[in-house]
Structure formats: structure tokens, C-alpha cells
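In: okay, predicted coordinates and the sequence, questions at the end:
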Amino acid sequence: MSQAKTAILYSPGTNCHEETAAAIELAGGKAELVLLKDLIDGHSRLGDFQAAIVPGGFSYGDHLGAGRIFATMLVARLRDQLVRFLDAKKPLLGICNGFQVLTEAGILPDRIPGHRTMALLENQSARFEDRKLRLIASAEKCVWTEGLAGQILEMPCAHGEGRPLFCSAGTSSPARVVFRYGDEKGQPTMEYPSNPNGSPDAVAGISDETGLVLGLMPHPERTSLPAQYSQDGLKIFQNLVRWLER
Amino acid sequence: MAIHSIYTLSKDDPEARNWLSFFHRRGHTRLTNLIIERVFWLEGSFDLGKLMPLLVNTLYQVPAERSQLDPRQGPIVEIAYRPAVTDPETPSILAGAHALGETGLEFARLSRRYQFCGLDESEAKAVAARFLYNKVVERIRDQHEVVLTLRPSGKPDPVGEVSLRNLSDAELGALSHARSWYAPLSQMKVIQAHEQERGRPYTDAEIEILVQSWSDHCYHTTWKSLGLLKKLSEATRRINHPLVVSSFTDNAGGMEFVADWVITIKGETHNFPSSIAPFGGIATKHGGVIRDTLGFGKGAYPIGGTTVMGTMDPRMPDDEVPVGALPPELIVSESIRATAYYTNPMGIPMMHPLYRCHPGYAKCFALGHSLGLIPKKYAQKDPPRPGDIALLIGGETGRDGIHGATASSTGMTGETLKKESAAVQIGHPITERRFTTAIPILRDQGCIRSITDLGAGGISCAAGEMGAETGVQLDLDAVPLKDQSLTAWEILLSESQERMLIAVPPEKLAEAQSILRRFEVTYSILGRFTDTARLEATWKGQQVTNLKMGFLWSACPIDSTATAQPQRKLQPVSIAEPRTRDAWAEAVHRVLSHYHCADQSAAGTRFDTTIQGRTAVGPYGGRNHRMPTNLYVSAPLRDKPNGVITTLAFNPFYGEINPGAMARLMMFEAITKAVVAGADYRQMVLCDNFYTPRVRPDVAWELTRMVETISSLSVELGVPFISGKDSSSGTFEAGGRRIDVPPTLAVATVGRVENVKQVITKDFKRPGNRLVLVGRCDPEVVGGTVYADCFGERGDSLFDAYDATTIRAQWDRLLKLHSARQYVSGSAIAEGGILLRLFEAAFGSGLGARVELDAIPPGRRDGLLFGEFIGSCLIEVSPDCELSSHLAGIPYRVLGEVTEEPRLTVTERGAVVWEEAVAQLAESWSKTFREVVK
């Protein structure tokens, strides 16, 4: 087992941290739940971890916007730690609400805290969508998806705001599409509900230019554990563990 | 202090579009556009520029310092919280601003401005009042209002006195009604006599506490008077089941799981609030039943939930809706929105979303369950000791939900909708989510001696019950308020949501406080447990209550209730059997598109079914994830394959024909659903939820029948009930019209399976496999079925073919067959009969089926396909399965086989009676519900 530790960051309203930690552990990694408040109060340090995941949920009730307050805390109170973490080329994953946090914080796609160039808008259906989906992994270079290019991964989505909006004007490094929603034939699709939110170009997950930071709307930790309907999602966590062991 | 406002518009607003189409459906067709502008009100001195990234994301929102709406485009209705009430988002805004270093921001509020293009001002206000805000806590803001401060303001009334001395019976009755106590005369007289005895008048708080605690909702007076409350718990005691850890005494029931863990179950109805304000009512239905899990033992963790709704038919035209009742379409769509609003942020997987209709549900049936997980060593509470701290945690106390318990114990009239809207609570899931995370930690650190939730009756009930044996002294000044105008009795009785009461050993107080601070849970030291055997409270230096616990908890008089067997006017079913292929097709499409059989995933997919990562089988399955499984299977412990399986049975039609038989059938149906999936009924417990009309002799007779039936059947089966709830207020009265709910019982099962991977689902597995009906069938009986309802008939008899002995023999055979892995798909027959099961299994697998009617005894041919043979199952076995030995001694029939082609075919003597492609059938099946919840 790798000794590298992955921080699973959580705040009031986060509700997927335990299963995300369980998926990392099953993949052979070491996960630790880290309360955002403990980081802010100085009881934990991001620097003690070799990777981090912002899991799903409704952080701070999604008040003012999905992921907005969590992102504000990261940018306003933990900017230095965050910049050092990114500069140290450590992998970072945002799942669902975590993805929303990373875009609200400007970490995705530009790696610049406080500089927003993409947003995740309300689903076209104006509803929360709980769906079991097929994701097509692209050939983009990304720590989390190495060796998965062209594969179809099954995992569910569960979100109300997942439709990406990119603002090409302010961005220095366009997002790289790592996952797209696929139809029954394995082709990228705009058809609802295989594309659950009306995402343009069927985008389900993107990474930054380094391939270290991944944001993903569906939930790989819900197809990782043996009891779940598939274990496709585990591949993403196994990639992290392999990368950390190198 | 200066007040700034920021107006924001979204560049793209699906929510506004959704409301627009909603209002169009409700007949406001002159509405050409709806625009929503959101406003931040900010008080203090701060750098607005620095706050902007917190308030606005300019990628998709446009901020301005003035309104961006052009008043010429249509009337604008601005909705804000009342001045005395704090916005739920206020603490988040302040926390965010403080994180940004803007500590000069002292207070914040939000409002929403709706512009109704195409409507006139009065219609816009009427629409807003009906759909867009809750008058208890919100208001329409006057556009010319001058705002001096945003801080909640208001002045409370002083403690009042109430004397019942020398009041006549008529005066007592009038007082009880006028004050919304709805207490029966016998209670008023006991309270009157006690005043004489103690020699001083009551404070308003004392009398409010008494009538509240003695309401049917809290004290179960109807059930007690009929001697029913003890029947089920005595049956459970007689069964003495080794797996039962806790039954009928705590906030939920508990069953031993594995490895020193316990699974808990509770079902709670919220019928009254959901009928008058569905969004708030349903949100708090979930919030409340989840707190029952958190309040089990020393705090269980919620791992699953349900939502079960019985309403009038949502397709009912507005002009047929009884005056004073809300349109059922609104109740259903608002309930779906509220379930999503509450359960998704709570992070609890939806196990069973179920929607049914019946013309009797003018006062709707709104049930939710909560499944919990707790270490066995924490499954029992300890009694609080004198000196223990009464710690109140969670949300602030407001005006919401006052008189909820007394109001929901009475019937519902057109007047109720106006008079009792204050009885509806408001739900904020983030507040509950905070302590859901903190409670298991408090528990594991030994900070919890006892814990309970604040529900009906608020602080008075929770503290009064927890301190019933010791006494408790409360300091109401310590209670954090969201409404500064609350007076003492309102603080005591408020049913504000998301609050729990914990008895903390004094030496653990500091540790408890530190844990709560870390998880950002608000708390206050409400008081101490004493040894006075009194419920005492003070507020602003005044004595608010000083009641003897003995009087409070044992002086309530129980009126006797007469019973009389009702005379039912039942007609036999007169539907003519289909004779042509077209007539068959017509019947099939009617059944598949019936509200009870149709695809309800348009609602179900709005609820998270896989959160927590424990879901092994969710409510929807099959190749396209839209096939209803009628099952939920969880793997609660991440390192073990052991599973918990839950199933439900709820049928509003059967009770009209025979309430006792309905009750028996609900048990058979729920258990059979779990058994055919592979769960042993000997490792299963049950939860009951009753809903009956306001008590009259005939209702009392029926209720007694139902309770006696399930009590004795549970003993005969050895399957105990461990938790349940009764509501005896299912009567709606308005304009001289009385509408009673049908006798209603929902049964939930909780079972154990050794390995979640061995659970059998209903989707077909392989072409060429044989389809077998295991159990009895009687095609002559179609009473109570969906099929009969499709033709506007109810019938006069039910398929009621099993007793405990015969059904157990059948379950035993099925379980043997399962452990020998002899069947690969299976499902219990229920609503929609064999036909619905064939369709679902085909739809979920992409395969088809051919069924031969020759296989069945002579009789109605439609009865074979549509009859609801509760207790019997459809299973799929390989062609070489030796049925005669495996199923020796129990009835079974080979019905046909699974086919490669996705088509259902019914033949008789080699000739096709009816056939149709599954895809075509799916269209009818998918349409109904989608149109209701669009």
C-alpha cells in the first residue's frame, strides 16, 4: 500500500466523503477525511497530503450558488496552501459539487484561484437528475484516466447544476475534455437523458492543461465498491494510487 | 447603518422557464414571460467590490445596483422574509463575507422579484400568493417601503393567564376551538378541575402544553380508547423474535443486523401540513422522520428513505377539486419538488418513491420512512439523571408549526386552509445535515445520555417526555430565535424544524460543545434535568410553566369510542371479458397506463438513489435503469457483502372492499416481494402506517379489524412489527361535503440477506427460459384491482387465498429454490397482475414473453392476466429445472416462456389472443406520470 495520503475535503453539507474515502482505500490508497474548518483553523495542512479530492454534496446548502461558499473559503482563507499544492504538481479531483467548487474557485480550468472562466449551470431540465450513465474517456492526457482512452465507464450522476459554460475570453488554457456522456452505442450524445443536463459537446468531465486536476459531474465512487452495480469508477482511483506510487 | 442592495439576473434561467410552463398548465395562459430577479440586501460598512465574487458569478449572472426589470413589461411582485424572520442564507452570506475579511458586513437578506409579463397586478399577486411564498414567514414587499435596518425586529407579548373557572361546557368548547386547541370537552373539564385543585390560573404556556400533549397526534387518544396501541406491541412481545432489539418504545424500531450493528426503521405521516402547504409539509415530513432515526437509541445514522403519496387523481379538472382543498396535481408536483429539495442535500438514498391516487384523499396521505444504522451498544437510551444538561442543537426557533399537533389531530375543512397555515413548518436541510454529521461523533465520544427530536409540541414535548421521570428546568431566554416577536408559550410549542434535544452528562458538556462548534452546529444550554418531577420554565424573569409531570402524562381522560360494523354497498364487477384482439389491446393499455402501474421514474429520477455508495439494488433497474424493481437493497457495512432489503405495500383500493383483508394482503404483498428476491421472512421485521377517517363507530370498527388482523397474523407468521404510526384524522369537510380517506395501511418490511449479489430482480434473463406462476390464482376475482378501476369499478371481493400456514409453506419452497439458484428472475404479483410483471420484466431486459392461457383453470381470461394474486409470484427457470420436485406440495403453473423478440404474446389453444411489441406498450406506460409531473 502506498504511504501517500489523499485528503478528502469536506464541509457542512458535503455528503459523499465517506464513500469516496472507501473507494480510495479499496483502490489501495490511503484516504483521510479533512474538515475544511480544520484547514482554516490551522489544525490540518493541505501540504501534508499528496493528493486531494473535493467530493459531492451540497456544501453550505449550496447557498448563493452550487459550491460558491466552499470556493470562497478556499480562495479567501487557503489561497497560499492551495497555490503551493498546485505548484507541487499534486493531483486534485472535484466530483459533482466538488467540480462546482473547483470551477467557482477558478482552479478549473485555469489553476488560478479567484479567476473564474467556467461555470456549471442549472440542468436544462431545471431538475435534479439521478441517472445511471455511460462516460466515454477521451485520449487527453490526465493522471486520473491514464490508459482509459476510448473506454466506456458506467457511473451515475446526481446533480441539479452540471451544464458547463466556458468563457473563452478570459482563459489562458482551454479546458481539456476528459469525459463525455455516451449513448447506447458508445457515441457522445446530446440526447436527454443519456446526456442528463444538456451539456454542450456532451462534456461530463474536464481537466486543466497539466492533466493533474480533474472535474467530473458523475460519481465514480458510486461504481467502485463491490456491492455497487458496477466497479468501473474504481479505475479512476486506481490510476491515482498508481501515480502516487511512482 | 448604511444598506446596499444588489440586483442580479441570470443570463439563462431554467427555473423561470419551469415556473412559466407550470403557470401555463395551471391556466394562466396570458402570462407571456416570467423573469426572476434576485436581490441582496446588505447592512454595514464594507467593500462591496470584495464581496461581489461571493454574491455573484458574472459568467452567468448580471449584477446591478438598481433593478434591471423594466416596470412597463409587467407587474413585479417582490417576495421577502418577514422583518422578524432571519433568511436561511443569512449565516452563509455572513460566513462567506467574514472569510473574505469583510467583517463590517453586519447583516444580509435576500428577496426575489418576479415579473409577470402579460398579467395584471392583481392576478400576479394572486399567483404569487398561491404558489410562490409561505405567508407564515414570507411576505410581499411593498416597493415604497423604507428600510431602516435589516435586523430581525419585533416585540413579544408578555406571559398571559388563562382561567377556566366557572366556564360552562359550551364556553369551554368555544374557547378550545377559538384558540386552535381542538381539545375534547372531557379534557377541558379535567384541566378546569385541576385549576381548582392547584388554586391558581394557568399561564398560557401551561394550558397550551396540556392540550398539545394530549392531542391525538401526540397521545394517540383514539387508538388508546380502542385498546389498539398495545395490540401490536403485545403481538411483538409474544413473538419474542431474537433479532428485535427495540420495538415501539423509541423513536424508531431496531433489528439486529450483523457484526454488532442494528438497522432501524420508522415511518411517519405528515398528512395535514402536506394537504394545506405541500412543499413545506413534504420537506418537513422527510426532515421529521430522519430525525426519528437520529433520535433512536443514542443516535442512529440515516441510510435510506422513502416517499409515499396518496392523493386524489392529479388529472382531476380544477373545477372538480373540493372547495378548500388544493388541486391534487399541485400536491403531487410540489411534493416531488419538496422531496428532492430535502432528501438530496441530506445525502440519503431514496429507496421507494411511490405515488397512488384515490378520490378519498382530499386530505392527502403523505408517508415517509427512514432506515438507520447504529452500533448495537448504542441502541438503548439511558434515562437522564438529575443534573444532566438539556442541550438544544440545530436550527433557531421561529413561528413556524405552532399548533401543528392539535391542528393535525382534527379533520380538515375549507376554513383550515386559511386559519392554520401557521401550523406548517419550514425545512432547511443544511441545518439538519450539519447535526447528522455531528451526532454519531457526539455519541461515540460518550456525550449523549439520551437524545430525541423536536417534532410535534416542540420543546415542551421533547423536554417534557425526556424529563418525565425526573423533572426538567428550562431557561427559555437561552433559545436562539429566528423571530424576535415570539412569546414564551410560542417558544415552548414552536415546531420549527431541524432541532434535537440531548441529555448530556455534565462532565461531557465541554467536549460536546467543542464537537458542535467544529461541525458548525448551533447549540444552547436549554436547562437541566432535576429531581422535582415538574416541568418548569422561566423567561425574562417570569415563571412560564410549573406543571406536575404526573398530571401532564397521566391525567388525560380517554373518551370511550363506540364501534359498529358498517354496511357496505358493494357491487360485483360487471366488466365484460375482452373478446377481440382490439378489446384486449385496449384493456392492456389501460392497465399499463393506470396511475398505479405507470412509469413513475419522472418523479423517482429527481431523487438521489445511489448516494452513500451503499445501494446494491435501487428503485429502478434493468438495462435502461427505468424498470421498477419494487426493492431496495443496501450494503450498509462497506467491508461486508451482507445486505438490508426493504419492500413496501400500499393499496388504497382494497380497503374499500374489506379493510381486514386489505391489512392481511398488505403484509403478504410486502413480505412476498422480499422473499422472492431471496430474503428469509424469518429474518424480517415490519413497520405499519395507518391512515383512517376521523373516528366514528363504523371507522372504529374497521380500524379495530385492521389492527387485530395484522396483530394476530404477525404472531402466526412470526414476523413482528417493530415500529409504526397511526393517524386518525383522514376526514375532509367543506361546503356540506364530507370526504373520508379509504381505510389505509402501508406495510414496510426490513429484511437481511447474506450477500447482496444473490438478490434476484424481475428482469428476464434468457430466451427459452420457462415462466412459472408459483402459488394460487383465481381468475374469477378481479375486485379491487387496477383492471377494475380502469373501468370505473371496485367490485365486491378480493383475492384473499392464503392464511399463515399456506403462505409460509410457499415462502419456504421459494427460499429453497432460491438457495438452490433455480430461478433467475422473479417478482411478486401485485397491482396490474401478471401482465404488468411480464411487461416490466421484458422492458427491463430487452426480451419478450409468450404466455399460454391454456395453462390456467377455466374462468375469466382477463382475470388471469390482470388479477392481483397477492402472495403469488412469477419466476423464470431454465427449461431443465425439475419443478415437480422443487415445488412439490404447492400450486404452480408453467405459463409460457421468455422470448428473444421484445414482444408480449398471449395465446390460447395455439391461436394468438393478443400480442404487441414491448416498445409500443412502453409508450402508454411512460406517458401517464410524465404528463402529471411535467
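Out: Yep, it's here.
In: now for the helix ranked longest in chain A, which elements pack on it?
Out: With secondary structure taken from DSSP state H, chain A has its longest helix at helix A:234-245. Here helix A:234-245 touches helix A:17-26, going by 3 or more Cβ pairs under 8 Å, 6 or more residues apart in numbering or on different chains; DSSP states H and E. Just so you know, the C-beta spots here come from the backbone N, C-alpha and C atoms, and that holds for glycine as well.
In: sorry, back to before: next one: the longest helix of chain A to chain centre, how far?
Out: 14 Å (Cα atoms, centre = their mean, to the nearest Å).
In: anything in stretch B:301-320 near chain A?
Out: No: using Cβ under 8 Å from any Cβ of the partner chain, stretch B:301-320 stays clear of chain A, with a minimum separation of 10.0 Å.
In: residues in contact with B:Leu232?
Out: B:248, B:688, B:707, B:710-711, B:714, B:721, B:724 (Cβ atoms under 8 Å, 6 or more residues apart in numbering or on different chains).
In: one more time with 10 Å, if that's ok
Out: Neighbouring residues of B:Leu232 by Cβ atoms under 10 Å, 6 or more residues apart in numbering or on different chains: B:223, B:247-248, B:686, B:688, B:707-708, B:710-711, B:714, B:720-724, B:726.
In: with B:Ala124 instead?
Out: B:28, B:31, B:34, B:74-77, B:114-118, B:132, B:140.
In: among these, which pair sits farthest apart?
Out: Between any two of the contacts of B:Ala124, the greatest separation by Cβ to Cβ is 19.2 Å, found for B:Gly118 and B:Ile140.
In: show me which positions of the helix or strand containing B:Ser884 end up buried.
Out: If you go by DSSP states H and E, B:Ser884 is part of helix B:883-886. The neighbour-count check on helix B:883-886 (16 or more other Cβ atoms under 10 Å in any protein chain shown) flags B:883, B:886 as buried.
In: pull out the buried residues from stretch B:787-803.
Out: Buried, per 16+ other Cβ under 10 Å, within stretch B:787-803: B:787-790, B:793-802.
In: who's in contact with the helix holding B:Ser884?
Out: Taking Cβ under 10 Å, 6+ apart as the rule, helix B:883-886 contacts B:770, B:772, B:774, B:813-814, B:816-817, B:820, B:822-823, B:875, B:877, B:892-894.
In: repeat that for 8 Å
Out: Contacts of helix B:883-886 (Cβ under 8 Å, 6+ apart): B:772, B:813, B:816-817, B:820, B:822, B:877, B:892, B:894.
In: now list the buried members of those.
Out: Among those, those classed as buried by 16+ other Cβ under 10 Å are B:772, B:813, B:817, B:822, B:877, B:892.
In: inside helices: which ones of those residues?
Out: Counting by DSSP H, the buried ones among the contacts of helix B:883-886 contribute B:813, B:817 to helices.
In: can you lay out the buried ones among the contacts of helix B:883-886 as a markdown table showing pLDDT and distance to chain A?
Out: Below are these laid out as a markdown table (pLDDT from 0 to 100; distance: Cβ to the nearest Cβ, whole Å):
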| residue | pLDDT | distance to chain A |
| --- | --- | --- |
| B:Val772 | 97 | 27 |
| B:Arg813 | 96 | 28 |
| B:Leu817 | 95 | 24 |
| B:Gln822 | 95 | 24 |
| B:Val877 | 97 | 24 |
| B:Tyr892 | 95 | 31 |
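In: measure B:Asp475 to chain A for me?
Out: 27 Å (Cβ to the nearest Cβ, to the nearest Å).
In: again with B:Ser819
Out: 20 Å.
In: orientation of the longest helix of chain A relative to helix A:17-26 in degrees?
Out: Angle, helix A:234-245 to helix A:17-26, by axes from the mean of the first three to the mean of the last three Cα atoms, to 10 degrees: 60 degrees.
In: go ahead and produce PDB holding the CA coordinates of stretch B:717-726.
Out: Extracted C-alpha coordinates of stretch B:717-726, given in PDB (Å, rounded to 0.1, in the frame of the first residue of the first chain):
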ATOM      1  CA  LEU B 717     -46.200 -15.700  10.700                       C
ATOM      2  CA  GLY B 718     -43.600 -15.000  13.400                       C
ATOM      3  CA  VAL B 719     -42.800 -11.700  11.600                       C
ATOM      4  CA  PRO B 720     -43.000  -8.800  14.100                       C
ATOM      5  CA  PHE B 721     -44.000  -5.200  13.700                       C
ATOM      6  CA  ILE B 722     -41.300  -3.100  15.500                       C
ATOM      7  CA  SER B 723     -42.500   0.400  14.700                       C
ATOM      8  CA  GLY B 724     -45.500   2.200  13.400                       C
ATOM      9  CA  LYS B 725     -47.700   5.300  13.400                       C
ATOM     10  CA  ASP B 726     -51.400   5.900  13.300                       C
END
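In: any buried residues in that stretch, and which?
Out: So for stretch B:717-726, counting by 16+ other Cβ under 10 Å, buried means B:717, B:719-726.
In: stretch B:268-278 too?
Out: For stretch B:268-278, a neighbour-count test (16+ other Cβ under 10 Å) marks B:268-278 as buried.
In: between those residues, which sits nearest chain A?
Out: B:Pro278 (17.1 Å; Cβ to the nearest Cβ).
In: contacts only, for that closest one.
Out: Contacts of B:Pro278 (Cβ under 8 Å, 6+ apart): B:326, B:330-331, B:334-335, B:338, B:364.
In: one more pass at 7 Å, please.
Out: B:326, B:330-331, B:334-335, B:338 (Cβ atoms under 7 Å, 6 or more residues apart in numbering or on different chains).
In: between those residues, which is closest to chain A?
Out: In terms of Cβ to the nearest Cβ, no member of the contacts of B:Pro278 lies closer to chain A than B:Ala338, at 12.1 Å.
In: isn't that closest one up against B:Phe279?
Out: Yes: counting by Cβ atoms under 7 Å, B:Ala338 does reach B:Phe279; the two are 4.7 Å apart.
In: what bridges to the spatially most central residue of chain A?
Out: Centroid check for chain A by Cα atoms, centre = their mean gives A:Gly94 as the closest residue, at 2.2 Å. Counting by DSSP bridges, A:Gly94 is bridged to A:Val54, A:Gly215.
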